[in-house]
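A.B. asks: All I have is the shape, not the residue letters:
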């Protein structure tokens, strides 16, 4: 089976999605940051009535810190609303396309009711690619475009 066919037929579940941390929209930014730290993750999903309504990532944290924002406000004030998502049945190729076109490092995986199931990260996609091309990835030189300054040999 060709790799191109795998990209079109294998679902995002094959691309190593990660577990998610979910909070409600009234959770404070401070508590959300604590939950992110405890889970050792760079994102947190926001849900109301079990439906995904937002995402908050480490990029958002940096924006808050530079703006000297109050950390005891509800996370709904600073989250990214209606994040781009993929469904659990979407192909890996479709997910890669969405991530690439939007510049996203993380995309929530949702079910048909909009509930967050997991999160697809660039690291999961990279692991997926390594599984398909181990010989190419593992045999790359440390500096692929390195050229010696002087010629070897006599």
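C.D. replies: Noted; the coordinates are in hand. Just so it is clear, the structure is predicted and the values come from calculations on it, not from any experiment.
A.B. asks: CA only for contacts and neighbour counts going forward, please
C.D. replies: Noted.
A.B. asks: My read is that residue 19 contacts residue 119, right?
C.D. replies: Yes: counting by C-alpha atoms under 8 Å, residue 19 sits close enough to residue 119 to count as a contact (6.4 Å).
A.B. asks: Looking at these two, which is more packed in?
C.D. replies: Per other C-alpha atoms under 10 Å, whichever of residue 19 and residue 119 has more neighbours is residue 119, with 24 against 13.
A.B. asks: can you pull the contacts of the closest residue to the more buried one other than its chain neighbours?
C.D. replies: In this structure, residue 119 finds its nearest non-sequential neighbour in residue 108, 4.3 Å apart by C-alpha to C-alpha, 6 or more residues apart in numbering. Applying C-alpha atoms under 8 Å, 6 or more residues apart in numbering, we find residue 108 in contact with 83-86, 116-120.
A.B. asks: Adding distance to residue 24 as columns, could you present those residues in JSON lines?
C.D. replies: Below are the contacts of residue 108 laid out as JSON lines (distance: C-alpha to C-alpha, whole Å):
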{"residue": "83", "distance to residue 24": "15"}
{"residue": "84", "distance to residue 24": "18"}
{"residue": "85", "distance to residue 24": "18"}
{"residue": "86", "distance to residue 24": "21"}
{"residue": "116", "distance to residue 24": "12"}
{"residue": "117", "distance to residue 24": "15"}
{"residue": "118", "distance to residue 24": "16"}
{"residue": "119", "distance to residue 24": "17"}
{"residue": "120", "distance to residue 24": "21"}
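A.B. asks: Of those, just say which sits nearest to residue 43.
C.D. replies: residue 119 (9.2 Å; C-alpha to C-alpha).
A.B. asks: Give the bridge partners for the residue nearest the centre of the chain, please.
C.D. replies: Geometric centre of the chain, nearest residue: residue 106, 1.9 Å, by C-alpha atoms, centre = their mean. With DSSP bridges as the criterion, residue 106 is bridged to residue 121.
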